[in-house]
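Engineer: have a look at this prediction, sequence included:
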Amino acid sequence: MTLTEIRPDVVADRTIAGRSPWQLAWARIRSDRVALISGIVVVLLCLLALAAPLISAWNGHDPDEQFRDTGITDQGLPVGPNGEFWFGTDRLGRDLFIRVLYGARVSLLVGVVATGVAALIGVVVGLLAGYYGGVIDTILSRLMDVVLSFPYLIFAIAVVSIAGPSLTATIGVISFYSWAAIARVVRGQTLSLKEREYVEAARSLGAGDARIMFVDILPNLLAPVIVLTTLLVPAAIVFESTLSYLGLGIVPPTPSWGNLLSEAQGFYRVAYWYLGFPAASLLITTLAFNLVGDGIRDAIDPRMERLFSRRRRKRRSPPAPAPATGRSDAATS
Amino acid sequence: MLRRFLLRRTLLGLLVLWLVSLGTFFLFFVAPGDPARTLAGRQATPEQVELIRHNLGLDRPTIVQYFDYLGRLVHGDLGQSYFSGESVGKLLAQDFPPTFSLVLGGAVLWLCLGVGAGVLSATRVRSFLDRALTTLALAGVSMPTFVVGLLLLYFFFFQLTMAGAPILPPDSYVPFSENPGEWARHLILPWITLAMVQAASYARLTRGSMLDVLGEDYIRTARAKGVPEGRVIYRHGLRAALTPVVTQLGVDIGTLIGGLVVTESVFGLGGIGQAVVQAFVSGDLPVIMGVVVLATTAVVVANLIVDIAYGLLDPRIRLA
């Protein structure tokens, strides 16, 4: 058998199928065990959050119901985990398990909605900046710089002190802070995509700017946008919990992991579960989302470096544009 | 050339400072809150409120107030707090040391941890250690600062104290000038909190940038001419790989000066972050403006230092 001989028996064994990039990505994700398990965790969390009212009805504990007889000790302290209260109770004798479940609803809702809004704004702004260039690009890019370098908590505090803390304000603040990261990446990609031949072709066929941006360029941007978006969800969840912890996000009695932890802070010496269960839920959720996001990133674009999304991607290496002009990240902030 | 660069950057910095101060100022007047009413209390008559408003100068047109503020700012006068009447400069001088100590010590710690872990990962790509460190870093970025702080407090203050070893105190700040030992002892947990959250992203940044740099031609050249591996990695590789790390450090130190609200409030340190929360909630414009000016200046200065540091780290970069 020579090296060039084709063995039909071997070739015939393998079915050769054309696979789209998305199919390839899906195949890669399926073989990534960590991402798969994290994905299952995320799905379970979503199901639990959706089912919170059902679970609450099933065990008969309302999230705001105070169990003065069984949920509070004689000294007026929270009760530890037991058969009736799986995660123990809080300072008012409410069922912590049910409250943590309801908290998951808030966290996931804020995480997904805020990221969705941010992605929408980020894509539009990034496309406009990258496609039109010139003055529009300069203005929009500076805007991104300002947003990315502004101490975001201070901004959040400012908004909340004006609008008052609420779910909408929380989502607004998080979206406002997150869009710039997406816009920056979209802008960069658009800069190079708009020089491609197919854009030229579309234009010569008479396509307008809007059509070129949203029909021709946008589909080619989906991969990085999806990756960034998945990684922004856990960041948004962390953000929400921080705001709520500071009393600037979701206001009690509506439970959120952030405000549960804020209440628990005064009780950690006597009630470890009060601090422990919300903290663990929060950590598991954000970690699972991050691992899924990392897996998707690997699957969609194996060459992309595993760098955290909120941080800007750095210039690769010289030949260096001068720092003052080439590195717009830090230059003007 | 350096002088021209510095001049241009200083002007640019002043422009940014001006824009940010303008934005904050007008944002404040768009807000529905009324400091005069808050100050007067619930029982005040409209005349009293009006008098207070007049005394604070809040009854003048916003533009006039802004230029008045700007004029005093140029002379280094940040004005007085509406509520305590104290000079803002003095308030900031009081709140700055805890914040600065926190950022400085934290930065040293997170740089050591983050860059160290990043280099370890990058030089052993896909090894077990690399995977472990990468996962650890991912866990780090998944953790909200206040959760880290609360858990540290629980284990290293509460459990240690319960176990009869009250090594670490719970909170509060001791000035360095008073007792350097106590200063450090009270800041250990906040430093670790800050470092755990920050080190993760620095590890990822360093790893990525190291991998990029180690693939460069000049690294191959260095190896080919027989430079020892340790020297290749640290002198040739790490030095160039630090550029993005330094960029991030500049941004972080700058933003953290004004944004350490969480760590400060978990550990009750009472710094700039807490001051600004107070000021926002009560509508104390001079204090808000003071913090914004201070924080923006910190960002601008940190970035300037970073840009100068590039030239020292990577000889291929020239300041322009």
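Structural biologist: Good, I have the coordinates.
Engineer: burial of residue B:307, as a residue count?
Structural biologist: Using other C-beta atoms under 10 Å in any protein chain shown, residue B:307 has 23 other residues around it. (Glycine included, C-beta is placed from N, CA and C.)
Engineer: these two touch, right, it and residue B:8?
Structural biologist: No. Judged on C-beta atoms under 8 Å, residue B:307 makes no contact with residue B:8 at a distance of 10.7 Å.
Engineer: give me the element the closest residue to residue B:62 other than its chain neighbours is part of.
Structural biologist: Leaving out its chain neighbours, the residue that sits closest to residue B:62 by C-beta to C-beta, 6 or more residues apart in numbering or on different chains is residue B:29, at 4.9 Å. Assessed by DSSP states H and E, residue B:29 sits inside helix B:2-30.
Engineer: and that helix, what's buried?
Structural biologist: For helix B:2-30, burial by neighbour count (16 or more other C-beta atoms under 10 Å in any protein chain shown) applies to B:5, B:9, B:12, B:13, B:16, B:17, B:20, B:21, B:24, B:25, B:28.
Engineer: for the stretch 51-200 of chain B, which residue gets nearest to chain A?
Structural biologist: residue B:142 (3.8 Å; C-beta to the nearest C-beta).
Engineer: now do the contacts for that residue.
Structural biologist: Residue B:142 sits next to A:234, A:238, A:283, A:286, A:287, A:289, A:290 when contact means C-beta atoms under 8 Å, 6 or more residues apart in numbering or on different chains.
Engineer: please list all residues in contact with the residue nearest to it when sequence neighbours are not counted.
Structural biologist: In space, and not counting its chain neighbours, residue B:142 is closest to residue A:286: 3.8 Å by C-beta to C-beta, 6+ apart. For residue A:286, the contacting residues are A:234, A:237, A:238, B:142, B:143, B:144, by C-beta under 8 Å, 6+ apart.
Engineer: mind telling me what element the nearest residue to the last one once chain neighbours are set aside is part of?
Structural biologist: Spatially, and ignoring its direct neighbours in sequence, residue B:144 is nearest to residue A:238 (4.6 Å; C-beta to C-beta, 6+ apart). Residue A:238 is located in helix A:218-245, with elements delineated by DSSP H and E.
Engineer: buried ones in that helix?
Structural biologist: A:218, A:221, A:223-245.
Engineer: what do you get for stretch A:186-197?
Structural biologist: Buried-residue list, stretch A:186-197, by 16+ other C-beta under 10 Å: A:186, A:187, A:189, A:190, A:193, A:194.
Engineer: now, the residues you listed that are in helices?
Structural biologist: Among the buried residues of stretch A:186-197, the ones falling in helices (DSSP state H) are A:186, A:187, A:189, A:190, A:193.
Engineer: nearest to residue B:91 among these?
Structural biologist: Lowest distance from residue B:91 to those (C-beta to C-beta) belongs to residue A:187, with 40.1 Å.
Engineer: could you check how far the closest one is from chain B?
Structural biologist: 18 Å (C-beta to the nearest C-beta, to the nearest Å).
Engineer: output the ones in helices among the buried residues of stretch A:186-197 as a markdown table; include the columns pLDDT and distance to residue A:299.
Structural biologist: Output for these, formatted as a markdown table (pLDDT from 0 to 100; distance: C-beta to C-beta, whole Å):
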| residue | pLDDT | distance to residue A:299 |
| --- | --- | --- |
| A:186 | 86 | 20 |
| A:187 | 87 | 24 |
| A:189 | 84 | 18 |
| A:190 | 85 | 23 |
| A:193 | 83 | 22 |
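Engineer: nearest to residue A:271 among those residues?
Structural biologist: Nearest to residue A:271 among those is residue A:186, at 46.4 Å by C-beta to C-beta.
Engineer: could you report the neighbour count for residue B:66?
Structural biologist: Residue B:66 is flanked by 16 other residues according to other C-beta under 10 Å.
Engineer: so who does it touch?
Structural biologist: Counting by C-beta under 8 Å, 6+ apart, residue B:66 touches B:22, B:25, B:26.
Engineer: check the residues you listed one by one and keep those near chain A.
Structural biologist: Among these, not one lies near chain A by C-beta under 8 Å from any C-beta of the partner chain.
Engineer: now distance to residue B:136 and pLDDT too, for those residues, in a markdown table please.
Structural biologist: Output for the contacts of residue B:66, formatted as a markdown table (distance: C-beta to C-beta, whole Å; pLDDT from 0 to 100):
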| residue | distance to residue B:136 | pLDDT |
| --- | --- | --- |
| B:22 | 43 | 82 |
| B:25 | 44 | 77 |
| B:26 | 45 | 77 |
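Engineer: closest to residue B:227 among those?
Structural biologist: The closest of these, once distances to residue B:227 are taken by C-beta to C-beta, is residue B:22, at 53.0 Å.
Engineer: pull the contacting residues for that closest one.
Structural biologist: Residues near residue B:22 by C-beta under 8 Å, 6+ apart: residue B:66.
Engineer: from residue B:124, how far off is it?
Structural biologist: Using C-beta to C-beta, to the nearest Å, residue B:22 is found at 50 Å from residue B:124.
Engineer: ditto for residue A:219
Structural biologist: Using C-beta to C-beta, one gets 38 Å for the distance from residue A:219 to residue B:124.
Engineer: excluding covalently adjacent residues, which one is nearest to residue A:233?
Structural biologist: Nearest to residue A:233 is residue A:111, by C-beta to C-beta, 6+ apart, at 4.6 Å.
Engineer: which residues touch that neighbour?
Structural biologist: Residue A:111 neighbours (C-beta under 8 Å, 6+ apart): A:233, A:234, A:236, A:237, A:240, A:289.
Engineer: what do you get if the cut-off is 6 Å, keeping everything else the same?
Structural biologist: A:233, A:236, A:237 (C-beta atoms under 6 Å, 6 or more residues apart in numbering or on different chains).
Engineer: ok and the strand or helix carrying it relative to helix A:218-245, angle-wise?
Structural biologist: Applying DSSP H and E as the criterion places residue A:111 in helix A:96-132. Counting by axes from the mean of the first three to the mean of the last three C-alpha atoms, to 10 degrees, helix A:96-132 lies at 140 degrees to helix A:218-245.
Engineer: buried ones in helix A:96-132, by neighbour count?
Structural biologist: Residues A:96-119, A:121-131 are the ones in helix A:96-132 that count as buried (16+ other C-beta under 10 Å).
Engineer: centre of the chain to that helix, how far?
Structural biologist: 7 Å (C-alpha atoms, centre = their mean, to the nearest Å).
Engineer: just checking, next helix/strand downstream of that helix?
Structural biologist: As assigned by DSSP H and E, the chain's next helix or strand after helix A:96-132 is helix A:134-149.
Engineer: chain center to that next one, what's the gap?
Structural biologist: 23 Å.
Engineer: just stretch A:64-73 next, same as before
Structural biologist: With C-alpha atoms, centre = their mean, you get 36 Å for stretch A:64-73.
Engineer: what pLDDT, on average, does that stretch get?
Structural biologist: In this model, stretch A:64-73 has a mean pLDDT of 70.
Engineer: with stretch B:260-274 instead?
Structural biologist: pLDDT averaged over stretch B:260-274 gives 81.
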